[in-house]
Structure formats: C-alpha cells, structure tokens
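**Student:** the sequence isn't on hand, but the structure is:
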C-alpha cells in the first residue's frame, strides 16, 4: 500500500492551494487526487467563454437539484468543475472576498481566528494584484488579480444611471467599504483565465514530494475505529487503497465532500441506513445547512449595435479568440460582467443585501432560446438567504449522484429582499443614459408593479449563481461537522477545507474565500503559527486615537 503524509481529495479551488502550501514542506509527502482531468481545453482558458465553460460536459459533474417548490417545481442545473482547478476553472473569474462583517459574524459565533482581521492576511498572501496596492492587497502571491478595464460604452452608461438613481461609486469592492458600484477585479493573467490550478498547481508540479492522480474518484475513506487512515479510490487501472501517515483533507466541494463522508459511513444514521450504508461515525449535520445564492436577470433590447451580440458572427468570434489566446488582448480576454457592486434594498439593513452586475449582452439562455439580438442585462442576487437545503447520498454507490435540494425560497422572508432588489434594478434601468439605449424589455416583458407580480416572475425566472456552501458546517458547538481548526468532530486524521465548511454564506462570490480557507488550513496542518491578524481600519483608528 502506498503511503503519503497528506492526502488531499479534490484539486479544485481549495485543493490546489493545499497542494502548493503542504508540499512547501520538503519533508512531507503529498498526494493530490482529482476526479477530473486536464484543464487545457481552450474553452477553459478564454475569459469571454466563461458562460460556455459552466456547461462544458467533459469538465463538469453535471449535477441538478431536485424539483424546487419555490421555483415552480423547476430542476436547476448545478454545474460543478470536474477538472484540475475545479470550479475555478469554469467560473466567472470574479475576485471577491465578501463583506468584512460576514467574517466578524463567524468570529462572534465562537469561531476564533475567523474574524475579518484574521482572514485578511491570508487573502493578501494569495494575491498578486496587477493594478491595486496598499494595505488591502497583496503583490507577491501566486494568484493573479486584475481590475476590469470596462471599455464597452454601456458599462459607463450603467454607472451613470446608477448614480442618477442615487447609488454611490466605489472603486475597490475588496477595500475598506464594499458598498457601491464600480469596476470588478478578476482572476485573469495575460488575457487568460487564472484558476487555482494555473496559479497554485502548475508552477509546482515538478516538486518531488508531490504526486497528482487525475481521473481518480475517491470511493470512501478508510477508518480504523475513529481514526481515518487513508482512502480507497478508483483509478483508470483499477481500485487502489492509499494510506495517510498524518492527515486526509477533504477539499471536494460543497456537493462531493458530504457525499464522500456519507459513503464512508459518516453522517446522519437515518440517512445512511436509508441508503444502505453502515454507520461508522454518527454526525447528523453532514449534508445539511446548504446555502446558495439565487439570482435573476432583467433583460433589455438595445437600440445600438454595440453589445456582445456583434461577436456572435463566426469570423469575429474566431478572431477575438485568437487575439486573447495569442496576444492576451481584445474582447475575449475579459469576462463580460465588468461593473456592478453591492447595494442595500432598504435603509435599515446593516450592510449591502444584494449584489448587482451589468452585462453588455444577453444571457446564454436567452440567446439560445432564439432571442439572439443586441441587448443588455442587469443581474442581481440576494447575498444572505435565510432558506436552507441539503445534499445527501441516494444510494451506497459512488457513481450515483447525490440528492441536492437547494431549498430556494423555502423561507418566505427571502422574497422581501428580491422585491426590493427588483425595484432597485428596474429604477436604475430607467435612468439616463442607460434608458436612452432601451429598445424594449425582454424579461420581464413589462414593468412589474405589485409584490405578487414580482414573486410570480421571480419563481419562473430565477436561477443559480453557482455559489453553494455550508454542507459541512464549521462551528464552536458540538453539533457542527468541523471545529474552528477544520477537524471533523469525533474523528482523528481528517479535516475539511473547502466551501462546505462555511457556517453562513458570505456576501459575494465564493471562489476567493474558498482559497483563503485552504490557506489557513495548510498552516494548521503543518503546525505553523497563523499569520498576524491585521485590519487597516483598526490600525487607522488606533493611529488617530
């Protein structure tokens, strides 16, 4: 039986970070296991192709939810990356940390070491920002970050319309104050996608103490009593068992992490028995606490031929792809959602409660439905849904997809935020100069006046924002799946370090926070002291006192 010090399950947003940091210790032998294969396909490299990358079948688990009662019984496709880099190889590349208060909430839940001042140094350690400097940003990390150029004139029209509607401008959503609208930051290097694989894994593939197994699916964890000793996995050549001398770390993501735990007999006893799985360790919250951002598009026809629809002509699309791939420039070298930000739907909420983004083109679904034309859209999603769902195995077979119930709108209070978000976005859309481009509404087909009209449209049109978290909740209480050091409760030799450990979803995109979690976990696993806590605003207040 092969032996390693550390076994990492999943080479996604977190797993590639862990592989890099754990193998920095030359005395540690590290195995990284990935169910998918290479990330070399051009569709995964071009930023403009992000919408297509989400549904590229060879690099996708292709999951879907159960019929969602809150969305008129619709089953929602949930793409998840099955490839080196995981979801960071198929996502929209937006670099967003979330609101500082989200992490302070974690700390106030009893999770020492997870407040904003504790996590900011880990964000900075990862970051190599090409355009920003100062106390909130890093310049020497592996992960390239750039600020959007936002050259399409519709972006400027949107920002001016938002200003006319009374919303503030902010130029750094990862700086001292998230609230407001402006250009976004993206994980793009030289006109190509920067994923956790390109940033953290590719530069260190040659390390002699790092082994990478691609196209390998972990079937279950090996347990001796309450100690996790290794994993059993299915490789192209057949089944193989491998031992961990120190620790196994699950970085398989919000869907696959609870699935692997349950297939190993770790979870709620009733759920396991129903699936025909023998209980090895009772941990009832495994797979529970699922949270996800739900969003919706307001789509408009555009009077002027200046939208992304102009790239739909094959010769233009080919030339744009060549420019981006070879020269790192042109429209295909950017993600077409370059401006937006965070706003409050009501003055009495203590932080922004929606994320709103402008796109100088129509969404893929609208275009594919035969409505391809010059148009633009305003997208928004609720940042902190109250609704909860779950992920659970449906059988004892690893090849059987798990059941995913997102629980969208299962808590009626979430509708209040969406109503406010719709009215806010609609008002921006009616302000000049953006309104001067408007050639008619596509969805909804008219201005919605009543709560009932908004609710009905939302239930028919809302969709995933691709941010599931929470199914292996971190907590200070004994009922949580992992403790503040990300150790699975009641077991030795097993940690979890991915988006599944988030106790509450953060207010923003989840890729960068997932990498931060992996950065902190690696220090814990190697016995290193945490990076010194630091908050520029606290330092400023201290200096002025």
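**Tutor:** That came in fine, so what should we check first? Remember, it's a predicted structure, so these values are computed and weren't measured experimentally.
**Student:** tell me the secondary structure of the nearest residue to residue 142 once chain neighbours are set aside, please.
**Tutor:** Excluding the flanking residues, the one nearest residue 142 by Cβ to Cβ, 6 or more residues apart in numbering is residue 199, at 4.5 Å. Heads up, the C-betas are built off the backbone N, CA and C, glycines and all. In three-state terms, and counting by DSSP: H, G, I helix; E, B strand; the rest coil, residue 199 is helix.
**Student:** local confidence estimate at residue 199?
**Tutor:** Listed pLDDT for residue 199 reads 98.
**Student:** for the residue lying closest to residue 212 once chain neighbours are set aside, give me the pLDDT.
**Tutor:** Nearest in space to residue 212, with sequence neighbours left out and distances taken as Cβ to Cβ, 6+ apart, is residue 32 at 4.9 Å. If you check residue 32, the pLDDT there is 98.
**Student:** start at 11, not 1
**Tutor:** Sure, I'll start counting at 11 from here, so that last one is residue 42.
**Student:** SS state for residue 42?
**Tutor:** Three-state assignment for residue 42 (three-state DSSP): strand.
**Student:** I'd like the distance between the residue nearest to residue 152 and residue 203.
**Tutor:** 10 Å (Cβ to Cβ, to the nearest Å).
**Student:** any residues in contact with both of the two?
**Tutor:** Common neighbours of residue 209 and residue 203, counting by Cβ atoms under 8 Å, 6 or more residues apart in numbering, are residue 197.
**Student:** which residues does residue 13 form beta bridges with?
**Tutor:** residue 253 (DSSP bridges).
**Student:** how many other residues sit next to it?
**Tutor:** 12 (other Cβ atoms under 10 Å).
**Student:** where does it land on pLDDT?
**Tutor:** Looking at residue 13, the pLDDT reads 97.
**Student:** what does the one 4 residues further on give?
**Tutor:** The model reports residue 17 with a pLDDT of 98.
**Student:** ok, now residue 338?
**Tutor:** At residue 338, pLDDT is 84.
**Student:** try residue 378
**Tutor:** On the pLDDT scale, residue 378 gets 62.
**Student:** same check on residue 319?
**Tutor:** Model confidence at residue 319 (pLDDT) stands at 88.
**Student:** what is the burial count for the residue nearest to it when sequence neighbours are not counted?
**Tutor:** Of all residues not flanking residue 319 in the chain, residue 384 sits nearest, at 4.7 Å (Cβ to Cβ, 6+ apart). For residue 384, the neighbour count with other Cβ under 10 Å is 21.
**Student:** how much space between residue 384 and residue 151?
**Tutor:** 40 Å.
**Student:** what's the answer for residue 454, then?
**Tutor:** Counting by Cβ to Cβ, the gap from residue 454 to residue 151 is 43 Å.
**Student:** test my guess that the residue nearest to residue 152 contacts residue 198.
**Tutor:** No. The criterion here is Cβ atoms under 8 Å, and residue 209 misses it with residue 198 at 11.1 Å.
**Student:** name the residues contacting each of these two.
**Tutor:** Between them, residue 209 and residue 198 share the contacting residues residue 154, judged by Cβ under 8 Å, 6+ apart.
**Student:** ramachandran angles for the residue nearest to residue 319?
**Tutor:** phi -70, psi 120 (degrees, to the nearest 10).
**Student:** which residues touch it?
**Tutor:** Residue 384 touches 311, 312, 313, 314, 315, 316, 317, 319, 320, counting by Cβ under 8 Å, 6+ apart.
**Student:** over to residue 503?
**Tutor:** With Cβ under 8 Å, 6+ apart, residue 503 has these contacts: 237, 238, 239, 254, 256, 257, 258.
**Student:** got a winner among those for most neighbours?
**Tutor:** Busiest of the contacts of residue 503 [other Cβ under 10 Å] is residue 258, holding 27 neighbours.
**Student:** so what's that residue closest to, chain neighbours aside?
**Tutor:** residue 17 is the one closest to residue 258 (Cβ to Cβ, 6+ apart), at 4.7 Å.
**Student:** tell me, how many residues neighbour that neighbour?
**Tutor:** The burial count for residue 17: 30, using other Cβ under 10 Å.
**Student:** I figured it hits residue 240, correct?
**Tutor:** Yes. Using Cβ under 8 Å, residue 17 is in contact with residue 240, at 6.7 Å.
**Student:** state the mean pLDDT of stretch 475-485.
**Tutor:** Mean predicted confidence for stretch 475-485 is 98.
**Student:** next secondary structure after the lowest-mean-pLDDT helix or strand in the chain?
**Tutor:** Least confident helix or strand, the chain: helix 374-376 with a mean of 73, by mean pLDDT, DSSP states H and E. Toward the C-terminus, helix 374-376 is succeeded by strand 385-392 as the next helix or strand (DSSP states H and E).
**Student:** tell me where the stretch 411-555 of the chain has helices.
**Tutor:** All helices of the stretch 411-555 of the chain, identified by DSSP state H, counting those that start in this stretch, fall at 424-439, 461-471, 521-535, 546-554.
**Student:** go on, the stretch 11-160 of the chain?
**Tutor:** Counting by DSSP H, counting those that start in this stretch, the helices of the stretch 11-160 of the chain are 25-32, 60-63, 110-118, 126-136.
**Student:** can I get the ones you listed in TSV with distance to residue 350, mean pLDDT and mean neighbour count?
**Tutor:** Listed next are these as TSV, based on distance: least, Cβ to Cβ, whole Å; pLDDT from 0 to 100; neighbours: other Cβ atoms under 10 Å:
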stretch	distance to residue 350	mean pLDDT	mean neighbour count
helix 25-32	27	98	29
helix 60-63	15	89	19
helix 110-118	18	97	19
helix 126-136	20	98	22
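**Student:** and of those, who's closest to residue 146?
**Tutor:** helix 126-136 (7.4 Å; Cβ to Cβ).
**Student:** helices or strands up against the closest one?
**Tutor:** helix 110-118, helix 521-535 (3 or more Cβ pairs under 8 Å, 6 or more residues apart in numbering; DSSP states H and E).
**Student:** got these as TSV, with distance to residue 250 columns?
**Tutor:** Converted to TSV, the helices and strands packed on helix 126-136 look like this (distance: least, Cβ to Cβ, whole Å):
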stretch	distance to residue 250
helix 110-118	38
helix 521-535	23
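**Student:** closest one to residue 167 among these?
**Tutor:** helix 521-535 (28.3 Å).
**Student:** can you give me the mean pLDDT across that closest one?
**Tutor:** Rounded mean pLDDT across helix 521-535 is 98.
**Student:** mind giving me the packing neighbours of it?
**Tutor:** helix 25-32, helix 126-136, strand 248-260, strand 504-506.
**Student:** relative to the whole chain's centre, how far out is the second one?
**Tutor:** Put plainly, it is helix 126-136. Centre-to-centre, helix 126-136 and its host chain are 17 Å apart (Cα atoms, centre = their mean, to the nearest Å).
**Student:** give me the contact list for that helix.
**Tutor:** 27, 107, 110-111, 113-114, 117, 146-148, 151-153, 184, 522, 525-526, 529-530, 540-545, 548.
**Student:** residue 336 falls within a helix, correct?
**Tutor:** Yes. Residue 336 forms part of a helix when assessed by three-state DSSP.
**Student:** for residue 110, what are its contacts?
**Tutor:** 126, 188, 545.
**Student:** 7 Å instead, please
**Tutor:** For residue 110, the residues meeting the contact criterion (Cβ atoms under 7 Å, 6 or more residues apart in numbering) are residue 126.
**Student:** tell me how far it lies from residue 95.
**Tutor:** 27 Å.
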